[in-house]
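Q: what follows is a predicted protein model with its sequence.
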Amino acid sequence: MEKIVLRDEYIKLGQALKAAGLVDSGVEAKIVIADGEVLVNGQVETQRGKKLHDGDQVEFHGAKILICK
């Protein structure tokens, strides 16, 4: 599981996917999120700007990301 350490209070979902190297661009992030391919805390998330906080978990095509401080 990849960990993303927060520099601020939160990171947006699209930025987290890019930071983890799961997508190559913001456009690609927008598409996979809008298509319902991304889970946040086990639920499908379709908002690219969804704010992720400490403890949130993201899953995309079997890859998992943990957001932490």
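A: That came through, no problem. Numbers count the residues shown, from 1 in each chain.
Q: please tell me how far residue 47 sits from residue 33.
A: Distance of residue 47 to residue 33, given as CB to CB, to the nearest Å: 7 Å. (Each C-beta comes from the backbone N, C-alpha and C, glycine too.)
Q: cool, residue 58 as well?
A: In terms of CB to CB, residue 58 sits 10 Å off from residue 33.
Q: find residues that contact each of these two.
A: Both residue 58 and residue 33 are contacted by 13, 17, under the criterion CB atoms under 8 Å, 6 or more residues apart in numbering.
Q: quick one, longest strand in the protein?
A: In the chain, assigned by DSSP state E, the strand with the most residues is strand 63-68.
Q: so for that strand, what's the average pLDDT?
A: Average pLDDT, strand 63-68: 96.
Q: now do the buried residues in it.
A: 65, 66, 67 (16 or more other CB atoms under 10 Å).
Q: distance between that strand and the chain's centre?
A: Relative to its parent chain, strand 63-68 has a centroid offset of 8 Å by CA atoms, centre = their mean, to the nearest Å.
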